[in-house]
Structure formats: C-alpha cells, structure tokens
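Colleague: what's the 3D shape of this:
(2 chains)
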Amino acid sequence: GAGVSQSPRYKVAKRGQDVALRCDPISGHVSLFWYQQALGQGPEFLTYFQNEAQLDKSGLPSDRFFAERPEGSVSTLKIQRTQQEDSAVYLCASSFRQFSYNEQFFGPGTRLTVL
Amino acid sequence: RKEVEQDPGPFNVPEGATVAFNCTYSNSASQSFFWYRQDCRKEPKLLMSVYSSGNEDGRFTAQLNRASQYISLLIRDSKLSDSATYLCVVNGANAGNMLTFGGGTRLMVKP
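Modeller: Numbering: from 1, shown residues only, chains lettered A, B, ... in the order given. Take a look at the predicted model:
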C-alpha cells in the first residue's frame, strides 16, 4: 500500500526565500509529525497534529516556521525567509492513533539546501 | 545533555560477528522505547520495539532497564545488509507522543 509521501524531494533555496514542503500521510492516520534532521544527527521533533489540530509546536525553531493541516490529511511545513542554518532533511511521519506505542511511519523526506 | 545518548561509532565488524549498541535516556517519564534503522539518505524505519522483559526478533535482541534508563540492541551473526545507522528512540514523555531520537550509532559490516 501507499506509504507517506513528501514533495519536493529536493529543494534548493536562496537565503531569504520562502519555501513550502508537503506531506501526504498514510490514509486514515490520525497523527502527523514533522521532524528536522541535520547531517550526521538524529531527527528532532518540530510539530505534531492530531487530525487538523496542531497540538504541539514546541520544536519549531523560530517564528519563521509554520505548519498546517487544514483538513486533517495533507500537511504543509512553510519556512519563511530561509537561512543557511535551515538546511536539513525535513521528515514527515504519521501514525494510526495518538498512543505512544503506535509505530510512526516516515516519508522519504525533503532535503532543503539554503544557499 | 541530550535526552537520548548513543555512541556514534562507527562500529566496524566482520560478517558473522556479534555487536551490541547501548543507549541512555534522561527522562524517566518516557513510556515507549524503540530501535529504528536508517540507511544512508533514507528515512528511519522501525526495527523493533523494546520491552522491559526483553524481546527478540530473529538475530536481534533488545533490552530495557528502566531503573538505569538504559536500552540495548544486540545483533548476532551480522550480515553485510545490517550496515546502517541504528537510532535509539523514546516516546511518550510529552503529551504529543513525539519521538525523541538519539544521534544514531553507525554500523559497518565488512566481508
């Protein structure tokens, strides 16, 4: 079956440009997570949705980062006025329910390079 | 101090060897524990959950010591295809149940 998909897979942006990263979770999955993975590091939590509600955005590094999931399915992570330190792989994950033991399924990620 | 700490490696082992990875976590409220595997330039994938009683899946054995806040992964009879980064992961310490990852331990299995 279809897994989590993300687009674009690669994005090169000039410093100061706005970018939008899309995530299509597995159909029917209630929970959706965004993570940021810098080179050589483990993924770090950015934000969490349960259906359309953004329940936790404590990991967003600055107010330049904004995420939405208006219909409880597709989600978009937007980064305004990109900086070089935003260069990373942005991973989206979804899980069927909101329980801690539920497996999270990851998409392939969007590799963002800010020049 | 990071919430989940792992030795980054790399661990270079010959095929057939047994190798063990360890991980410590700082938040005693953590509820669920996992090992994820990540191949180069790919997404993390769940390898196995970790239970207090210890659990085994083929050549892989995972153990959890809640008192010491310590998680381990043992790989027996290593295969070339086991070469990857192994991520120690905890979940449930926060309301959102997001995953908290260690930095990963890199394993290279050589012929």
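
Colleague: the strands in the chain, which residues?
Modeller: With no chain named, the answer covers chain A. Using DSSP state E, the strands of chain A run over residues A:5-7, A:10-13, A:19-24, A:31-37, A:44-50, A:53-56, A:65-68, A:75-79, A:88-95, A:105-106, A:110-114.

Colleague: meant chain B, my bad for not saying
Modeller: B:4-6, B:11-14, B:19-25, B:32-38, B:45-50, B:55-57, B:60-65, B:70-75, B:84-91, B:99-101, B:105-110.

Colleague: got those as JSON lines, with mean neighbour count columns?
Modeller: All C-beta atoms are positioned from the backbone trio N, CA, C, and that covers glycine. What follows is the strands of chain B, written out as JSON lines (neighbours: other Cβ atoms under 10 Å in any protein chain shown):
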{"stretch": "strand B:4-6", "mean neighbour count": "21"}
{"stretch": "strand B:11-14", "mean neighbour count": "14"}
{"stretch": "strand B:19-25", "mean neighbour count": "19"}
{"stretch": "strand B:32-38", "mean neighbour count": "22"}
{"stretch": "strand B:45-50", "mean neighbour count": "18"}
{"stretch": "strand B:55-57", "mean neighbour count": "12"}
{"stretch": "strand B:60-65", "mean neighbour count": "18"}
{"stretch": "strand B:70-75", "mean neighbour count": "20"}
{"stretch": "strand B:84-91", "mean neighbour count": "24"}
{"stretch": "strand B:99-101", "mean neighbour count": "24"}
{"stretch": "strand B:105-110", "mean neighbour count": "18"}
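
Colleague: with mean pLDDT and distance to A:Asp18 as new columns, can those be given to me in TSV?
Modeller: Output for these, formatted as TSV (pLDDT from 0 to 100; distance: least, Cβ to Cβ, whole Å):
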stretch	mean pLDDT	distance to A:Asp18
strand B:4-6	95	33
strand B:11-14	97	42
strand B:19-25	95	37
strand B:32-38	94	29
strand B:45-50	94	31
strand B:55-57	93	44
strand B:60-65	96	43
strand B:70-75	96	40
strand B:84-91	95	31
strand B:99-101	91	28
strand B:105-110	97	35
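
Colleague: between those, which one is nearest to chain A?
Modeller: Closest of the strands of chain B to chain A is strand B:99-101, at 3.4 Å (criterion: Cβ to the nearest Cβ).

Colleague: can you give the strand pairings for the closest one, parallel or anti for each?
Modeller: Strand B:99-101 has these partner strands in its sheet, going by DSSP bridges: strand B:84-91 (antiparallel).

Colleague: hmm, who's touching the partner strand?
Modeller: With contact meaning Cβ atoms under 8 Å, 6 or more residues apart in numbering or on different chains, strand B:84-91 is reached by A:42-43, A:100-101, B:3-4, B:6, B:21, B:23, B:25, B:27, B:30-40, B:44, B:47, B:71, B:73, B:97-102, B:104-107.
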